[in-house]
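1. Sequence and predicted structure below; questions after.
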Amino acid sequence: MVEFELINPKTLESVPALLGKKWDEALLLAGGTDLLDMLKERLVQPQRVINLKSVPGLSYIKNGAGLEIGALTTIAEIAEHASVRKNFAVLAEAAESIATPQLRNMGTLGGNLCQRPRCWYFRAKDIVCIKKGGGRCYAVDGLNKYHCLFGGGPSFIVHPSDSAPALLALGATLDVLGPHGKEEIALEDFYELPLDNIRREHILQPNQFITAVRVPQPAPGTKSTYLKFREKQSLDFAIVSVAAVLQMEGKTCKKASVVLGGVAPKPWRVEATEAELNGKALTAEVIAKAANAAVANANPMSQNGYKVQLTKVMVRRALERLV
């Protein structure tokens, strides 16, 4: 890695000015599990690294009228928290599926939500792909086995976070701090497709950062689960994942929220699946139709057509868990 200045701020309010107004001039250090890789590979070469761990009060879990989690709370703490496991099962299961115990003990919720793509072309130092300012996405004519089914173009990355689909399905919002103070952003509005923002995956400005995540208390009768398919069961990123949150009344689904991971450049809500579930008893036939609806608009690439059937099966299995 190249030389940089490490800054340990003492207050939240001082961080936006330290970050500056240009991307990659300064970067945040939270858990460091993604940042250190990018620094060592010289994919990023910041002038300053801002250590958020020096700021007190960013690591906590509060469960009252809803759930509030500080941005520096570790993934392990979320996965193991009794209230999260009881009332927000989809989030606990998603957290538990992330990486290895060692990485879960270091990685933070804020970092997991903002991690950069894992695409091998993006991560290759000597390849200047379209997300790094080049003129093309090399996955189009190259190796695209793990790339997207939905929302692709002009880049065909998939979003790597497991916590993001779970939190989106739960209706989470983010507390974001910038030079003009704090604002609240719905997670639904936080992520952007490459067509709208080719260089970044979210709407944050260079001098903004997440301080907390808020999740509303689930309605009575709510059930949820997170199902993830990966090649290496012990540590891998999702090839396909499903976050399902269903508000149930007996066997009838009053309201469904279903979000896919690993298949699009951002967590991908499948509204067609939700429409097939809302107001219906969850029979095998209804679940099958809902699973088929999830892939109705899939646009596979040359090597990832297998993801279409896999997504359908994963949606069906996730819904069957909740009946």
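-> Received, thanks. Numbers count the residues shown, from 1 in each chain.

2. mean confidence for the strand or helix carrying Gln102?
-> Assessed by DSSP states H and E, Gln102 sits inside helix 101-106. For helix 101-106, mean pLDDT is 96.

3. same check, this time on stretch 183-195
-> The average of the pLDDT scores along stretch 183-195 is 98.

4. buried residues in that stretch?
-> Applying a neighbour-count criterion of 16 or more other Cβ atoms under 10 Å, one finds Ile185, Leu187, Phe190, Tyr191, Glu192, Leu193, Pro194 buried in stretch 183-195. C-beta coordinates here come from the backbone N, C-alpha and C atoms, glycine included.

5. Those residues in strands, which ones?
-> When those are checked against strands using DSSP state E, the ones located there are Ile185.

6. for whatever helix or strand comes next after the helix holding Gln102, packing partners?
-> Stepping forward along the backbone from helix 101-106, the first helix or strand reached (DSSP H and E) is helix 109-114. Under the contact definition 3 or more Cβ pairs under 8 Å, 6 or more residues apart in numbering; DSSP states H and E, helix 109-114 sits against helix 75-80, helix 163-169, strand 209-216.

7. For Gly250, find the nearest of those.
-> Gly250 lies closest, by Cβ to Cβ, to one member of those: helix 163-169, at 21.4 Å.

8. Mind checking the pLDDT average for the next helix or strand after the closest one?
-> The helix or strand immediately downstream of helix 163-169 is strand 173-178, counting by DSSP H and E. Per-residue confidence for strand 173-178 averages out to 98 on the pLDDT scale.

9. what are the C-alpha coordinates of strand 173-178, in CSV please?
-> What follows is the C-alpha trace of strand 173-178 in CSV, where atoms were taken according to Å, rounded to 0.1, in the frame of the first residue of the first chain:
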residue,chain,number,x,y,z
THR,A,173,-33.6,3.7,7.4
LEU,A,174,-30.1,5.1,7.8
ASP,A,175,-28.8,8.0,9.9
VAL,A,176,-26.3,9.8,7.7
LEU,A,177,-24.0,12.6,8.9
GLY,A,178,-22.5,15.2,6.5
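
10. Can you name the residues in contact with it?
-> Under the contact criterion Cβ atoms under 8 Å, 6 or more residues apart in numbering, strand 173-178 has outside partners 12-13, 15-16, 113, 182-187, 190, 204-205, 207-214.
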